[in-house]
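Q: have a look at this prediction, sequence included:
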Amino acid sequence: MERVLLLAHVESSGEIGKTTREAAQGAAEIARGLGAELVVGLIGARAETQAGTLGVDAAAFLAVSGDEFDEARYASDAAASTALVKASEATVVIAGATSRLSRALPGVAQRVDGRITTHVTGAEVDGGQLSIERWYYRQRMKATLTSPRRPWFVIFAPGIYGPAPASDEAVTCRAIGVPAAGPWRTRVIGEDAGSSEGQTIRPDATLLFVAGAGWTKKQGDGASHVPEAAELIRGFLDRSQASLGSSKSLVDQSSEGGDVIPFMTHLNQVGQTGATPRHPKGLSTCCHGEEPHVVGWRFVTERRAVNLDANCGWARGKADVVYVADAFEVMKRVNELLG
Ligand SMILES: Cc1cc2nc3c(=O)[nH]c(=O)nc-3n(C[C@H](O)[C@H](O)[C@H](O)COP(=O)(O)OP(=O)(O)OC[C@H]3O[C@@H](n4cnc5c(N)ncnc54)[C@H](O)[C@@H]3O)c2cc1C
């Protein structure tokens, strides 16, 4: 008989994050399918007061609480997770792919002699058997896997399940102690944004805005207009709160000594050797839409592109709509319309 643990943490803002709520929904569905008991294990400064807000119907709620569990730190997250897995006696451990748990859980799986599968994009229960879906080779091949090993840790990528509804239900929570807790050698002294001009990667944004190398190329007047490009892109991001993606050619320009968009880093790169972000919509600008780039759009459902070239890659079945237009003019007008 399986026993499912939803392993989760409270964000340091005091909220339960969207990725965690999605995993909660997934854990509830898997437990229902398996006819298994669902246990919730929550980590945070005051985790016991927040377990009920997860909005899942669980047989038991366990919490590791304390100020030292407020911040992301491998040692305390791994110790707390190990204590929760052991206390729950779970055979299947479900978590959302937050940066904290993605980092801590592979080590936890080792500590409890379990197995872990990360980047999971779907799950099914058939005849009492759990199978999960996962992509390989930069999202080119999809596999369906089962595992006989227990406990089996399954980390869900964001966007697979709808988030479990928030609740204000009070639940009875069992406090779980962490053996040999602290003092931790790592102290968290603050957070730095990944780029010098603030965060441009927003995984929860509805829209992915991709900038390509065309923004820095010579335009119709024979000159390049990189500062104007940067202003248009920044202006659009501020107004729309879209997440910023890039082609490889654009981010590589910094290492090649060319004129660069100052807030663009290699972290923004989308594609075969970049990221595969998940957003409901994507808008590509000044980017040719070559296959090694577009393979990173696997999980972007509705796609549009602005390109001067009517024969660009996007126009060959890779986008739903292609505007054959000057992106400088288009984005200037879009920014005006957004106010
Ligand atoms: C092994 C390997 C891995 C790779 N991995 C990646 C990856 O992860 N990600 C990635 O992006 N690439 C990757 N590439 C590179 C990829 O093949 C392309 O070279 C790259 O995506 C091209 O970037 P681009 O479209 O921005 O630039 P370009 O090909 O230079 O295209 C610029 C486009 O801008 C348009 N343009 C110019 N001015 C305007 C304007 N005013 N308005 C509208 N449009 C305009 C042009 O018409 C042109 O289509 C990889 C390549 C290899 C071989």
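A: Cool, the structure landed. Numbering: from 1, shown residues only.
Q: tell me the pLDDT of residue 54.
A: Residue 54 carries a pLDDT score of 89 in this model.
Q: go on, residue 125?
A: 97.
Q: any idea which element it lies in?
A: Element membership for residue 125 (DSSP states H and E) is strand 115-126.
Q: for the closest residue in space to residue 140 that isn't next to it in sequence, helix, strand, or coil?
A: Leaving aside its chain neighbours, residue 140 sits nearest to residue 295 (7.1 Å; criterion: CB to CB, 6 or more residues apart in numbering). (Glycine included, C-beta is placed from N, CA and C.) Look at residue 295: counting by DSSP: H, G, I helix; E, B strand; the rest coil, its state is helix.
Q: who's in contact with residue 295?
A: Contact analysis of residue 295 by CB atoms under 8 Å, 6 or more residues apart in numbering lists 138, 139, 140, 271, 272, 276.
Q: out of these, which end up buried?
A: The neighbour-count test (16 or more other CB atoms under 10 Å) applied to the contacts of residue 295 identifies 139, 271, 272, 276 as buried.
Q: verify the stated contact: the second one with residue 287.
A: No. The criterion here is CB atoms under 8 Å, and residue 271 misses it with residue 287 at 10.0 Å.
Q: pLDDT wise, what is the residue in the stretch 1-150 of the chain positioned nearest to the ligand at?
A: Proximity of the stretch 1-150 of the chain to the ligand (CB to the nearest ligand atom) peaks at residue 138, 8.3 Å away. Note on residue 138: pLDDT of 72.
Q: that one and residue 313: what is the separation?
A: Distance check for residue 138 against residue 313: by CB to CB, to the nearest Å, it reads 17 Å.
Q: let me see the ranges of the helices in the protein.
A: 18-34, 47-50, 74-88, 99-111, 226-240, 248-252, 291-294, 327-338 (DSSP state H).
Q: what's the closest of those to residue 130?
A: helix 18-34 (6.3 Å; CB to CB).
Q: helices and strands around the closest one, which ones?
A: Helix 18-34 sits against strand 3-9, strand 37-44, strand 92-96, strand 115-126, strand 129-136, strand 152-156, with contacts defined as 3 or more CB pairs under 8 Å, 6 or more residues apart in numbering; DSSP states H and E.
Q: just send those back as CSV, with mean neighbour count and distance to the ligand too.
A: As requested, these are arranged in CSV below (neighbours: other CB atoms under 10 Å; distance: least, CB to the nearest ligand atom, whole Å):
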stretch, mean neighbour count, distance to the ligand
strand 3-9, 28, 31
strand 37-44, 26, 34
strand 92-96, 28, 25
strand 115-126, 16, 17
strand 129-136, 16, 15
strand 152-156, 25, 23
